[in-house]
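>>> Following is a predicted model, sequence given first.
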Amino acid sequence: MPGAKPGMTEPDMSNPRKVHVKSFGCQMNVYDSHRMADALAPAGYVETAQIADADLVILNTCNIREKAVDKVYSEIGRVREFKEAAASQGREMLIAVAGCVAQAEGEEITRRASAVDLVVGSQNYHRLPGMIARLRNGGKIVDTEFPVEDKFDALAQPSRTAIAKRGVTSFVTVQEGCDKFCTFCVVPYTRGAEISRPVKKIVADVEKLAEAGVREITLIGQNVNAYHGEGADGRPATLSVLLHRLSDVPGIVRLRYTTSHPLDMKDDLIEAHRDLPALMPYVHLPVQSGSDRILAAMNRRHTRRHYLDAIARLRTARGDLVFSSDFIVGFPGETEQDFRDTLSLVEEVGYGGAYSFSYSPRPGTPAADMENQVPAAESHERLLRLQALITQQWQAFNASSVGRTVDVLLEKPGRVTGQLVGKTPYLQTVQVMARPELIGKVLPVAITGTGTNTLFGEFAGQPHAPELASAGA
């Protein structure tokens, strides 16, 4: 096999093994899942959407919330039934648990779920082919050590075919880990200290994606706007420098980034929103609480005023910016007044969307041992009130789009024959009647109505879109 390492056995691609990867949690897990499949491709594995057909099932897990962990163990039980069915047919199915739950719980997973063959931490999935080969010799493997080598350097690159199958949008990890140590968060313990990839390597990844038809890139990291990878001059580059460089990649027409921290919203990044047309006007900027007292208990290192100042500076740079955020309700010690401070912040900012959660104690984090834990019923009641306000703002934002013409990146076929689904600059889903060859194009769409979770539109000046002869980006 071209490019095979000495001693490797060439896989039998006439009868490839199949791998099914299921992601839980954040966008970084989706990216990691793709790279797991890419890493296994040279070893003779192809992806399958059907668990029952798989020779290897990987559950790529999230450990941010307690219910997410419970969901993983429930999913292991479901996959075990497929494994037992495969065994009854004389076929082996391996089960691997990867990601942050694997990193946090390690051998506890194999003790609690005997069907699991492999536990691989969030920093070690580049070692998957070797681990799988060792599993064929029997026994179980748990690998959650933080490696010395850079996993990004060790990963196999995705094929052009694999990229094309994943669509015209793509996540690219540019930064990983976090040094902030919020008292509620497990990320510093499961992902480690902040590391940033060099600009040159990110550009090479994005150029390959663009050549395969990707049109929109979302740069991801646990604290992405703290990016400080090596630049062309050998010195640390900022996220703004990286965005400017990527805006020059032919074929890439949209850039996004997530998730950010208010403390790292520096002037040059704000100016990038003013200066780069490709940088979309939708910013996810988590705040978690509107109360200074709770923010201090969370060790967020910013105040309510600091957060609102960052919002104001961004809006001054570009007036059409829309924001989303993260909120935690019922953090230990939160009073009704603290919660009302959060509601007032939401009303002051006005969000186009947000993610809100009841506080969930994570073992090993300082907040888990704090006194004055808020009763679950009280936390849930507050969550419902917050979500009602956020939903009201989100629906109002969508309704304000009706009658406007917006650029839509057409991404994939819709559920209705002759329909395509795309996204506005503000990540709103739009359904429009269009021919499939228009996928990957950015076209002006007049928004005609709203649904529960989507907008409806038609091509501006082109009411019979499926009959269009051509369209440019």
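Received, thanks.
>>> All the helices of the stretch 201-350 of the chain, in order from the start?
When secondary structure is read from DSSP state H, counting those that start in this stretch, the stretch 201-350 of the chain shows helices at 239-246, 267-275, 292-297, 304-317, 336-349.
>>> Can you tell me which of those is most buried?
Looking across the helices of the stretch 201-350 of the chain with neighbours counted as mean count of other C-beta atoms under 10 Å, the highest average goes to helix 239-246: a mean of 22. Yep, even glycine has a C-beta here, placed from its N, CA and C like the rest.
>>> orientation of that helix relative to helix 267-275 in degrees?
For the pair helix 239-246 and helix 267-275, the angle between their directions (axes from the mean of the first three to the mean of the last three C-alpha atoms, to 10 degrees) equals 40 degrees.
>>> Let's have the helices of the stretch 201-350 of the chain in a markdown table, adding mean pLDDT and distance to residue 134.
Supplementary listing: the helices of the stretch 201-350 of the chain in a markdown table, determined by pLDDT from 0 to 100; distance: least, C-beta to C-beta, whole Å:
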| stretch | mean pLDDT | distance to residue 134 |
| --- | --- | --- |
| helix 239-246 | 98 | 37 |
| helix 267-275 | 98 | 44 |
| helix 292-297 | 98 | 45 |
| helix 304-317 | 98 | 48 |
| helix 336-349 | 98 | 49 |
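>>> any chance of these in TSV, with distance to residue 18 too?
Listed next are those as TSV, based on distance: least, C-beta to C-beta, whole Å:
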stretch	distance to residue 18
helix 239-246	34
helix 267-275	42
helix 292-297	47
helix 304-317	46
helix 336-349	46
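>>> ok, and for the host helix or strand of residue 31, which residues are buried?
Applying DSSP states H and E as the criterion places residue 31 in helix 27-40. Of the residues in helix 27-40, those buried under the neighbour-count criterion (16 or more other C-beta atoms under 10 Å) are 27-40.
>>> Give me the contacts around whatever helix or strand residue 101 lives in.
Counting by DSSP H and E, the element that carries residue 101 is helix 100-105. Residues from elsewhere that reach helix 100-105 (C-beta atoms under 8 Å, 6 or more residues apart in numbering): 25, 61-64, 68-69, 72, 109, 119-123, 144, 186-187, 189-191, 363-364.
>>> mind listing which of those residues are in strands?
Mapping these onto strands (DSSP state E) picks out 61, 119-120.
>>> Give me the buried entries from these.
For the ones in strands among the contacts of helix 100-105, burial is judged from neighbour counts taken by 16+ other C-beta under 10 Å, and it is met by 61, 119-120.
>>> and which of those residues is nearest to residue 179?
Of all those, the one with the least separation from residue 179 (C-beta to C-beta) is residue 61, at 22.8 Å.
>>> Now do the closest one against residue 23, distance only.
Separation of residue 61 from residue 23 (C-beta to C-beta, to the nearest Å): 9 Å.
>>> okay, and the common contacts of those two?
Between them, residue 61 and residue 23 share the contacting residues residue 29, judged by C-beta under 8 Å, 6+ apart.
>>> got the buried residues for stretch 432-440?
Residues of stretch 432-440 classed as buried by neighbour count (16+ other C-beta under 10 Å): 432-434, 438-440.
>>> And the strands in the stretch 151-300 of the chain, which stretches?
Per DSSP state E, counting those that start in this stretch, the stretch 151-300 of the chain has strands spanning 169-173, 175-176, 195-196, 216-220, 254-258, 282-284. These are given in chain order.
>>> out of these, deepest packed?
For the strands of the stretch 151-300 of the chain, ranked by mean neighbour count under the definition mean count of other C-beta under 10 Å, the leader is strand 175-176 at a mean of 24.
>>> Provide the strand pairings for it, with the direction of each partner.
For strand 175-176, sheet partners with direction are given as strand 195-196 (antiparallel), following DSSP bridges.
>>> which outside residues touch the strand it pairs with?
Taking C-beta under 8 Å, 6+ apart as the criterion, the residues outside strand 195-196 that touch it are 174-177, 221, 226-229, 236.
>>> Over to stretch 286-306?
180-184, 259-263, 307, 325-328, 331-334, 337-339, 341-346, 366-367, 370.
>>> what are the C-alpha coordinates of stretch 438-445, in PDB please?
Included here for stretch 438-445 are C-alpha records, laid out as PDB according to Å, rounded to 0.1, in the frame of the first residue of the first chain:
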ATOM      1  CA  LEU A 438     -27.000  24.500  -6.600                       C
ATOM      2  CA  ILE A 439     -25.600  22.900  -3.400                       C
ATOM      3  CA  GLY A 440     -22.500  24.900  -2.400                       C
ATOM      4  CA  LYS A 441     -23.700  28.100  -3.900                       C
ATOM      5  CA  VAL A 442     -24.400  31.300  -1.900                       C
ATOM      6  CA  LEU A 443     -27.500  32.900  -3.400                       C
ATOM      7  CA  PRO A 444     -29.900  35.700  -2.300                       C
ATOM      8  CA  VAL A 445     -33.200  34.400  -0.900                       C
END
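>>> average pLDDT for it?
Along stretch 438-445, the predicted local confidence has a mean pLDDT of 96.
>>> next one: stretch 124-139
For stretch 124-139, the mean pLDDT works out to 83.
>>> list the buried ones in it?
When neighbours are counted by 16+ other C-beta under 10 Å, the buried residues of stretch 124-139 are found to be 124-129, 131-132, 135.
>>> Inside helices: which ones of these?
If you go by DSSP state H, these have 128-129, 131-132, 135 in helices.
>>> can you give me the helices for the stretch 51-200 of the chain?
For the stretch 51-200 of the chain, applying DSSP H, counting those that start in this stretch gives helices covering 66-88, 100-105, 107-112, 128-135, 151-154, 160-165, 187-190, 199-211.
>>> of all these, which gets the most neighbours per residue?
helix 100-105 (a mean of 26).
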